[in-house]
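**Student:** show me how the following folds:
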Amino acid sequence: MYQKPQANEYPAYFSAYVHLVPDGELLELLNEQLKATVNAVNDVTERQSQFRYAPNKWTVKEVIGHMADTERIMGYRILCIARGETAPLPGFDDNLYVQNGSFNQLSMQELLENFSTVRQSTIVLLKSLDSAAWLRKGNANGFEITVRAIASIIAGHELHHRQILLERYFNSSDYPAR
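**Tutor:** Here you go, the predicted structure:
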C-alpha cells in the first residue's frame, strides 16, 4: 500500500506538489486524474488551445505537452531508481523542452493521446514494483529522492497544472469563446 513520502525523501522544491496529493490509493488517483484531465481539456477548440493567460506563459497545448514530458522523465527516473541505478540522473529545463516540443503544431487529440499513453505507462510501471522498490533512493538532478516521492510528485504535478488550466486559463475573462 502506498504511503506519502516523508520530507527527507525529496528536494524541498517538490513539496508543493507532494502536499497536493490526497491520502488514499495513489494508483487509483493516477487513473482518476487521467480521466479528469482529459475531460477538462477534451472540448478545447483549436483557437482556445493557443490561449496564454499572460505574456510569456505557455499555451494550453504547451501545458499539456509539458505535463506529458515531465511525467515521461519522472517515469524514467522511477524505472532507473527502482532497478537500483546508482549513477546520478540529469535534470531538465522545462522551458527549453516546451520551446522545442512543437506542441502548438500538434492537435489537442494528439497531445491527449500522448499524455494518456505516458500516464498509462506510469501506472503499469508503478503496479509492477514491489514494496522495497518504492522506498529505493537514487540521485536525480543532484538530489536524493525515493521512488514513492517521484510517484507523488507526478500526481501533484498533474493536479497543479490542471488547477492552473481551470483557474488561470479557462476562467480568464480573455479566454476565447467556443
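**Student:** show me where pLDDT drops low in the protein?
**Tutor:** Counting by pLDDT under 70, the low-confidence segments of the chain come to 1.
**Student:** where do the strands sit along it?
**Tutor:** Secondary structure of the chain by DSSP state E: the strands cover 137-140, 143-146.
**Student:** against which helices or strands is the first one packed?
**Tutor:** Going back to what we said before, that points to strand 137-140. For strand 137-140, the contact count by 3 or more C-beta pairs under 8 Å, 6 or more residues apart in numbering; DSSP states H and E identifies helix 60-82, strand 143-146 as packing neighbours. (C-beta placed from N, C-alpha, C; glycine too.)
**Student:** and among these, the most buried is which?
**Tutor:** Among those, the stretch with the highest mean neighbour count (mean count of other C-beta atoms under 10 Å) is helix 60-82, at a mean of 22.
**Student:** may I see the strands of the chain organised as TSV, with distance to Ala68 added?
**Tutor:** Converted to TSV, the strands of the chain look like this (distance: least, C-beta to C-beta, whole Å):
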stretch	distance to Ala68
strand 137-140	18
strand 143-146	21
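**Student:** and the ones you listed: which comes nearest Ala87?
**Tutor:** Proximity to Ala87, assessed across the strands of the chain by C-beta to C-beta, is greatest for strand 137-140 (7.9 Å).
**Student:** outside of the closest one, which residues touch it?
**Tutor:** With C-beta atoms under 8 Å, 6 or more residues apart in numbering as the test, strand 137-140 has contacts from 9, 77, 80-81, 85-89, 91, 144-147, 150.
**Student:** likewise stretch 43-57?
**Tutor:** Stretch 43-57 is touched from outside by 58-61, 104, 107-108, 168-169, 172, 174-176, 178, with contacts defined as C-beta under 8 Å, 6+ apart.
**Student:** circling back: could I get the helices and strands packed on strand 137-140 as TSV with distance to Pro5?
**Tutor:** As requested, the helices and strands packed on strand 137-140 are arranged in TSV below (distance: least, C-beta to C-beta, whole Å):
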stretch	distance to Pro5
helix 60-82	13
strand 143-146	6
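**Student:** any idea which of these gets closest to Gln33?
**Tutor:** The closest approach between Gln33 and any of the helices and strands packed on strand 137-140, judged by C-beta to C-beta, belongs to helix 60-82 at 10.1 Å.
**Student:** how long is stretch 163-178 end to end?
**Tutor:** Looking at stretch 163-178, the gap from its leading to its trailing residue is 21 Å under the measure C-alpha to C-alpha, to the nearest Å.
**Student:** list of residues touching it?
**Tutor:** Ala40, Val41, Asp43, Thr45, Arg47, Gln48, Phe51, Tyr53, Ala54, Val60, Val63.
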